[in-house]
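> structure here, sequence nowhere to be found:
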């Protein structure tokens, strides 16, 4: 068995920004790649890369994070806790898990830069979608 986590809104849609999500849906997956269970973990306050959420998720057995927008700092923290990150997801959490389990989901390769300093002084809007 393995566990997959997704940062979500109260409507269980993937949150566009990992560090600001309301909660995490954590799916338990069988050895036959079937969803066995879903657990909800409330989000800790503060930026995802600075909170202890990676440790909490790792203790729960999470090995994969399917995220929308997520910065390199959060990815590094999750990776250090043994959690692989797939970026660029959007939509219903359970549907995204099913796409991942069918091997139809690919990492977008793009990280958010909201917490990084840019000398040109303006924000960028990012459109995050799974590549499938």
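Structure received. Since the structure is predicted, the reported quantities are computational estimates derived from the model, not experimental observations. Numbering: from 1, shown residues only.
> relative to residue 6, how far out is the most centrally placed residue in the chain?
For the chain, the residue sitting closest to the mean C-alpha position, by C-alpha atoms, centre = their mean, is residue 67 at 2.8 Å. Between residue 67 and residue 6 the distance is 7 Å, computed by C-beta to C-beta, to the nearest Å. Heads up, the C-betas are built off the backbone N, CA and C, glycines and all.
> need the overlap of contacts for those two.
14, 89 (C-beta atoms under 8 Å, 6 or more residues apart in numbering).
> can I take it that residue 89 is in a helix?
No - under DSSP: H, G, I helix; E, B strand; the rest coil, residue 89 sits outside any helix and is assigned coil.
> give the burial count for it, as a bare number.
Per other C-beta atoms under 10 Å, the neighbour tally for residue 89 reads 30.
> so it sits against residue 6, correct?
Yes - assessed by C-beta atoms under 8 Å, residue 89 is found in contact with residue 6 at 7.3 Å.
> quickly list what's touching both of those two.
Shared contacts of residue 89 and residue 6 (C-beta under 8 Å, 6+ apart): 14, 66-67, 96.
> widest-spaced pair of the residues you listed?
Across the shared contacts of residue 89 and residue 6, the longest distance by C-beta to C-beta is 9.8 Å; it joins 67 and 96.
> got any residues that touch both of those two?
By C-beta under 8 Å, 6+ apart, the residues touching both residue 67 and residue 96 are 6, 14, 89.
> for those, which one is nearest residue 57?
Using C-beta to C-beta, residue 6 comes nearest to residue 57 of the shared contacts of residue 67 and residue 96, at 10.7 Å.
> and that closest one, what element?
Using DSSP states H and E, residue 6 sits in strand 2-8.
> run through who's touching that strand.
By C-beta under 8 Å, 6+ apart, the list of residues contacting strand 2-8 reads 14-15, 18, 21-29, 41, 43, 48, 57, 60-68, 70, 83, 89, 93, 96-97, 100.
> weed out the non-buried ones from the residues you listed.
Among the contacts of strand 2-8, those classed as buried by 16 or more other C-beta atoms under 10 Å are 14-15, 18, 21, 23-29, 43, 48, 57, 62, 64-68, 70, 83, 89, 93, 96-97, 100.
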